[in-house]
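Undergrad: Sequence below, structure please.
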Amino acid sequence: SFEFQLHDVGPEVLAGLIVHPLKDAPSLLQEFGKIANSAPDELTIWVVMRKAPPLPFLTEDWHGKEVLVFAICYIGDEEDGGEALKQLRALGNPVADVIGPSPFVGWQTAFDPLLTPGMRNYWKSHDFNGLPGEAVSVLLNAIQSLPDPNCEVFIAHVGGAMARVADDATAYPQRSSHFIMNVHTR
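TA: Residues are numbered from 1 along each chain as shown. Next up is the predicted model:
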């Protein structure tokens, strides 16, 4: 069985996307690793690498091009969130930065259109203690040959409060601060 401890969130959070050209991924991922490892508990940062879908805030010339997207959610005070995001927002030359106040329930469902029936979602996962250059190179080479524009590689950082629980305190032993990579095929 599982026991969950609930926490008040929202109703608004600071959330959104920062979109970069995939060619900048090696340096962006190196900096992402450093930022994620020192991020406050209130900040979640995901990386998504894929071909850009026709999102309304991207100019048409970016649709279908390979991008690296930082998807972020900050569940604390908006002003503190702005401070927590300064390093991430200062990276590279983003194509778009659409981070702002958002209803938490809206952020929870933001990626649902990717999970529609009939998309034949198939995911595989792997954990990394860090993001070494060799792993980044392999991932970036693989992204060049994704079989469908709906496929993506997703990297999430997990840590914070979870990493401060002893390995033997719960049934979930993977407590160190680390990265989880998902390969999403559709």
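Undergrad: C-alpha only now, for contacts and for neighbours.
TA: Noted.
Undergrad: If I look at Tyr122, what pLDDT would I see?
TA: In the prediction, the pLDDT value recorded for Tyr122 is 87.
Undergrad: please renumber so the chain begins at 10
TA: In the new count, where the first residue is 10, that last one comes out as Tyr131.
Undergrad: how many other residues sit next to it?
TA: 11 (other C-alpha atoms under 10 Å).
Undergrad: Helix or strand: which one has the residue nearest in space to the middle of the chain?
TA: Centre of the chain computed as the mean C-alpha position; nearest residue by C-alpha atoms, centre = their mean is Trp55, 1.1 Å away. Remark: Trp55 resides in strand 52-60, with elements defined by DSSP states H and E.
Undergrad: what helices or strands is that strand leaning on?
TA: Here strand 52-60 is seen to pack against strand 75-83, strand 161-167 when contacts are counted using 3 or more C-alpha pairs under 8 Å, 6 or more residues apart in numbering; DSSP states H and E.
Undergrad: Check the residue lying closest to Gly85 once chain neighbours are set aside and give its pLDDT.
TA: When the adjacent residues along the chain are set aside, Gly85 lies closest to Glu51, with 5.8 Å between them (C-alpha to C-alpha, 6 or more residues apart in numbering). Glu51 carries a pLDDT score of 93 in this model.
Undergrad: Who are the contact partners of Glu51?
TA: For Glu51, the contacting residues are Cys82, Tyr83, Ile84, Gly85, taking C-alpha atoms under 8 Å, 6 or more residues apart in numbering as the criterion.
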